[in-house]
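Chemist: Need a 3D model of the sequence below.
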Amino acid sequence: MIAPWVRTRKARGELLGIFAREPVAGRVKTRLSPPLSRFEATEFYRLSLQETVDRMSLAGFDPVIFFAGGEDYFRRVFPGHGLVAQQGEDLGVRLAQALKTTLAQGAEALVIIGSDAPDLPTTLVTEAFAALRRADAVAVPAFDGGYVLIGERRHCPALFCSVPWGGRRVMAVTREIARRQKVRLAELGCWDDVDDWASLCRFLRRSPDLAAARFAAGLKSVKECLER
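Modeler: Residues are numbered from 1 along each chain as shown. Just a heads-up that it's a prediction; the model follows:
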């Protein structure tokens, strides 16, 4: 039986998930502080998450939010969206659990993104679902060596084991695991997470009109760093 939060897209059971944390100072965007204060980094994260959900919703994906933190916060801020608590100690376990459970409950494909790339092109998400009609899994590599999107049509737990999460070899190791396990992994383009000073600067140049970018660009600490 399909779980009630498994929404269908174009009647194919294609589900978009967004991994998110409750915006709590000191627990989100810690690599941006400094130059941002803990509270500025938290507000930047909050705006990035809001824009990610809004942009993907406007594009017709009707995302489900896989959350960490207080469920009350997410129910209040994102009413009407499916909510599922993340389960597991590290990122790999949480991703694997989300994919395994969702596919077992009736979704034909699940694509997961985070909230660290608020300007991720919606066309890449569309292309990811299209790729999953031919491949077992799909990923969009990140400039920092990780990935900004991962998805599956058939759950492949090995893709999330023995991966150096948070390092520069996440995508390379994932690619090698897929090769060894004979998992058909499609790779699409490349995009940029905003999780440190260099990527923040690139984001401000690339997408200055987004609310998160306008907020960051107006901070005294950011202006001072950009002027150095």
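Chemist: all contacts plus neighbour counts: C-alpha atoms, from now on.
Modeler: Will do.
Chemist: so how far is E22 from the nearest residue to C190 once chain neighbours are set aside?
Modeler: Nearest in space to C190, with sequence neighbours left out and distances taken as Cα to Cα, 6 or more residues apart in numbering, is P141 at 4.9 Å. When Cα to Cα, to the nearest Å is applied, the distance between P141 and E22 equals 25 Å.
Chemist: Okay, now the unreliable bits of this protein?
Modeler: 1-12 (pLDDT under 70).
Chemist: try it again with 50
Modeler: Along the chain, the model assigns pLDDT under 50 to residues 1-2, 7-11.
Chemist: Could you pick out the longest helix of it?
Modeler: In the chain, assigned by DSSP state H, the helix with the most residues is helix 38-58.
Chemist: any idea how far the residue nearest to A217 when sequence neighbours are not counted is from A158?
Modeler: What sits nearest to A217 in space, not counting adjacent residues and going by Cα to Cα, 6+ apart, is K223, at 6.6 Å. With the distance defined as Cα to Cα, K223 ends up 44 Å from A158.
Chemist: about what we covered before: which strands and helices sit next to the longest helix of the chain?
Modeler: Identification of packing neighbours for helix 38-58 by 3 or more Cα pairs under 8 Å, 6 or more residues apart in numbering; DSSP states H and E yields helix 211-217.
Chemist: check contacts around the residue positioned nearest the centre of the chain.
Modeler: A centroid search over the chain (Cα atoms, centre = their mean) returns G114, at 1.4 Å, as the residue closest to the centre. Listed by Cα atoms under 8 Å, 6 or more residues apart in numbering, the contact set of G114 reads I18, F19, A20, V148, L149.
Chemist: tell me the secondary structure for the third one?
Modeler: I take that to be A20. Look at A20: counting by DSSP: H, G, I helix; E, B strand; the rest coil, its state is strand.
Chemist: Show me the helices in the chain, by range?
Modeler: Taking DSSP H as the criterion, the chain carries its helices at 38-58, 71-77, 91-104, 122-131, 170-181, 197-206, 211-217, 220-227.
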